[in-house]
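Engineer: Just the structure for this:
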Amino acid sequence: MRLDLHTHSKYSEDGEGEVLELAKAVQKKGLNGMAITDHNTIKGSLEVLKLKLPNFLIIPGIEISTSEGHLLAYGVKTDIKGRLSPEETIDLIRDEGGIAVVAHPFRWRNGMKKRTLQDIKGKVQALEVFNSRGPAYKNTKANKTAREFGLGMTGGSDAHFVSDAGQGYTLVPDADNIDDVLSAIEKRETKGEGEITPLDSLLFHTIKVGYLFAKRGFKGI
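Structural biologist: Next up, the predicted model:
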């Protein structure tokens with residue numbers, strides 16, 4: 001089973017696209033399901049869950065900004081307070097019955113550094129080891145770190161536009177439901193794979209994000 005576990009819809013401040021469009025794009029690329037993980041809001045995730053798409057598994061999720069970088073939460077259906085420490089954020093995720101995965105480790109500005117990963121390796125469940133918007137060497141470093149720390153692995157496109165959805169994915173052993181997927185991640189049975197987003201799409205996104213960043217008064221997400 002292949003699931004894109006990192007996508008953004010119009011509900012992210014730097015994203016575009018209706019949730020149904022994203023889901024159709026992922027299906028068209030032959031994947032079996034997805035998670036919409038908008039920045040600091042569960043709205044997109046709840047909306048796609050309501051669609052009840054046949055033979056397409058939806059994992060509820062959200063991407064949360066912590067004081068040290070971004071965390072992905074899966075299995076939650078409520079907003080998680082942002083700007084807390086990674087440890088506090090992970091505790092809130094667990095309280096909601098979810099699991100915590102470090103998004104795009106080592107990314108400049110919003111990726112957690114190895115020092116932070118060392119501190120939380122006993123609390124977090126996995127690292128995103130393949131991110132379609134990340135350079136190959138950082139994905140390789142994330143993969144190596146996950147193995148070093150004994151953590152699970154996930155992958156996703158980190159798509160902010162419909163055209164990029166489904167580029168990256170998490171390879172999961174046979175799973176029938178959300179609990180099966182979360183359990184597989186925790187048991188370190190999953191892998192992150194996919195293709196790097198094309199350069200022209202990355203450049204377009206960089207320009208768009210820069211514009212929105214300035215529009216927000218140079219405030220990060």
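Engineer: ok, residue 135 - how many residues close by?
Structural biologist: Counted with other C-beta atoms under 10 Å, residues neighbouring residue 135 total 13. C-beta: built from backbone N, CA, C; applies to glycine.
Engineer: quick one: buried residues of the helix ranked longest in the chain?
Structural biologist: Longest helix in the chain, counting residues (DSSP state H): helix 199-215. By neighbour count on 16 or more other C-beta atoms under 10 Å, the buried set for helix 199-215 is 201, 205.
Engineer: for that helix, packing partners?
Structural biologist: Applying 3 or more C-beta pairs under 8 Å, 6 or more residues apart in numbering; DSSP states H and E, we find helix 199-215 packed against no helix or strand.
Engineer: which residues are in contact with that helix?
Structural biologist: 13-14, 133, 160-161, 163-164, 197, 219-220 (C-beta atoms under 8 Å, 6 or more residues apart in numbering).
Engineer: at 10 Å what do you get?
Structural biologist: With contacts defined as C-beta atoms under 10 Å, 6 or more residues apart in numbering, helix 199-215 is touched by 12-16, 132-133, 135, 158-161, 163-164, 167, 196-198, 219-221.
Engineer: Might you calculate how far that helix sits from the centre of the chain?
Structural biologist: 19 Å (C-alpha atoms, centre = their mean, to the nearest Å).
Engineer: got it, and stretch 93-104?
Structural biologist: Using C-alpha atoms, centre = their mean, the offset of stretch 93-104 from its chain centre is 11 Å.
Engineer: Can you give me the end-to-end span of it?
Structural biologist: Across stretch 93-104, the terminal residues are separated by 18 Å (C-alpha to C-alpha, to the nearest Å).
Engineer: can you pull the buried residues of that stretch?
Structural biologist: For stretch 93-104, the buried set under the neighbour-count rule, 16+ other C-beta under 10 Å, comprises 93-94, 98-104.
Engineer: just curious, which of the residues you listed is nearest to residue 24?
Structural biologist: The shortest approach to residue 24 among the buried residues of stretch 93-104 belongs to residue 103, at 24.0 Å (C-beta to C-beta).
Engineer: secondary structure element for the closest residue to the closest one other than its chain neighbours?
Structural biologist: Once flanking residues are discounted, residue 103 sits nearest to residue 70: 4.1 Å by C-beta to C-beta, 6 or more residues apart in numbering. Following DSSP states H and E, one finds residue 70 within strand 69-74.
Engineer: Give me the mean pLDDT for that strand.
Structural biologist: On average, the pLDDT along strand 69-74 is 98.
Engineer: what are the pairing partners of it, and which direction each?
Structural biologist: Neighbouring strands of strand 69-74 in its sheet, by DSSP bridges, are strand 61-66 (antiparallel), strand 99-102 (antiparallel).
Engineer: now the ones you listed as CSV including distance to residue 35 and mean pLDDT?
Structural biologist: Converted to CSV, the strands paired with strand 69-74 look like this (distance: least, C-beta to C-beta, whole Å; pLDDT from 0 to 100):
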stretch, distance to residue 35, mean pLDDT
strand 61-66, 4, 98
strand 99-102, 10, 98
